[in-house]
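[1] with the sequence up front, the predicted model follows.
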Amino acid sequence: MKKLIVLISGSGSNLEAISKACSEGIINGVIASVISNNPNAYGLERAKKNNLSYKVINHKKFENREKFDEELSNYISSIEPDLIILAGFMRILGKKLSDKYFGKIINIHPSLLPKYPGLDTHERVLKNNDSFHGISIHYVSSELDAGPLIAQGKFQIKNNLSEEELKEKIHKIEHILYPKIIKEICDDRIHLEGNKVIFKNLKSSNNIIYENYDL
Ligand code: GAR
């Protein structure tokens, strides 16, 4: 069974979906620890409810990013995880840390990367009158929201949707696709070689798993 660490900053709905897939045996893995940089993250309540061990590493208590990253890195090393999962973790990881764990950290981002890295993705999609929106799952590199892509889930924006409605649809896709991809990684059907994502017996096009959702 693979040892997982999940990093959160907020609501933790993705953490909940991943935890459910682990306890149902869909993911061949166990969440060894949940880490939050935010002591008030609602995701910590979800961790408690699901009997997951958790740790708060509050970035505000550190002089600078390097010191925060160092503490995070030491804690992660002490657990020796197989996979580090960023699930709404809103801190940028420094180069040293992301290089150290390259190939072992994945992130979920609420846009069809390379479109809209960073914040306020739903707002930007609406502002640009985009016809499609979606989510990306990728290996984390030292560049923000730019590591090798693993999967994307896409939907068509049919009506005049509000930002809140878009966010809801994005979450629906995330809660399906993130556990699915984590399962494949834990079953050794996805891994990284250099900068290339390798899929074993999985349907991918242009080296990414694409899923269309009718929401
Ligand atoms: C998710 O939509 C995730 O894609 C996004 O934060 C949300 C967290 O929700 N992540 C980012 O924006 C990272 N750049 P959750 O706390 O309910 O899982």
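    Okay, I see it. Residues are numbered from 1 along each chain as shown.
[2] use CA for all of it now, contacts and neighbours both
    Fine.
[3] all helices for the protein, in order.
    Assigned by DSSP state H, the helices in the chain fall at 13-23, 42-49, 65-79, 95-100, 121-127, 163-186.
[4] right, and Ser73 touches Ser98 too?
    No: if you go by Cα atoms under 8 Å, Ser73 and Ser98 don't touch, sitting 9.6 Å apart.
[5] look at those two and report which has more neighbours.
    When Ser73 and Ser98 are compared on other Cα atoms under 10 Å, the one with more neighbours turns out to be Ser98, at 20 against 16.
[6] shouldn't the more buried one be in contact with Val140?
    Yes: Ser98 sits in contact with Val140 when judged by Cα under 8 Å, with a separation of 6.7 Å.
[7] what sits in contact with each of those two?
    Common contact partners of Ser98 and Val140 (Cα atoms under 8 Å, 6 or more residues apart in numbering): Ile105.
[8] show me the contacts for the closest residue to Leu177 other than its chain neighbours.
    Of all residues not flanking Leu177 in the chain, Gly153 sits nearest, at 7.2 Å (Cα to Cα, 6 or more residues apart in numbering). By Cα under 8 Å, 6+ apart, Gly153 lies in contact with Leu112, Gly134, Ile135, Ser136, Ile173, Glu174, Leu177, Tyr210, Glu211, Asn212, Tyr213.
[9] let's have those in a markdown table, adding pLDDT and distance to Ile27.
    A markdown table is the format used below for these (pLDDT from 0 to 100; distance: Cα to Cα, whole Å):
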| residue | pLDDT | distance to Ile27 |
| --- | --- | --- |
| Leu112 | 98 | 25 |
| Gly134 | 98 | 23 |
| Ile135 | 98 | 20 |
| Ser136 | 98 | 19 |
| Ile173 | 98 | 17 |
| Glu174 | 98 | 15 |
| Leu177 | 98 | 12 |
| Tyr210 | 95 | 20 |
| Glu211 | 95 | 19 |
| Asn212 | 96 | 22 |
| Tyr213 | 97 | 22 |
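[10] in ChimeraX, how would I select the buried members of those?
    Buried members of the contacts of Gly153, defined by 16 or more other Cα atoms under 10 Å, are picked up in ChimeraX with:
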select :112,134,135,136,173,174,177,210
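[11] filter the contacts of Gly153 down to just the ones in strands.
    Mapping the contacts of Gly153 onto strands (DSSP state E) picks out Gly134, Ile135, Ser136, Tyr210, Glu211, Asn212, Tyr213.
[12] any idea which of these is closest to the ligand?
    Nearest to the ligand among these: Ile135, at 6.9 Å, using Cα to the nearest ligand atom.
[13] so who does the closest one touch?
    Ile135 sits next to Ile108, His109, Pro110, Ser111, Leu112, Leu113, Gln152, Gly153, Lys154, Ile170, Ile173, Glu174 when contact means Cα under 8 Å, 6+ apart.
[14] the fourth one: what's it in contact with?
    Right, the one you point to is Ser111. Contacts of Ser111 by Cα under 8 Å, 6+ apart are Pro117, Thr121, His122, His133, Gly134, Ile135, Ser136.
[15] skip the chain neighbours and tell me the closest residue to the fifth one.
    Excluding the flanking residues, the one nearest Gly134 by Cα to Cα, 6+ apart is Lys154, at 4.2 Å.
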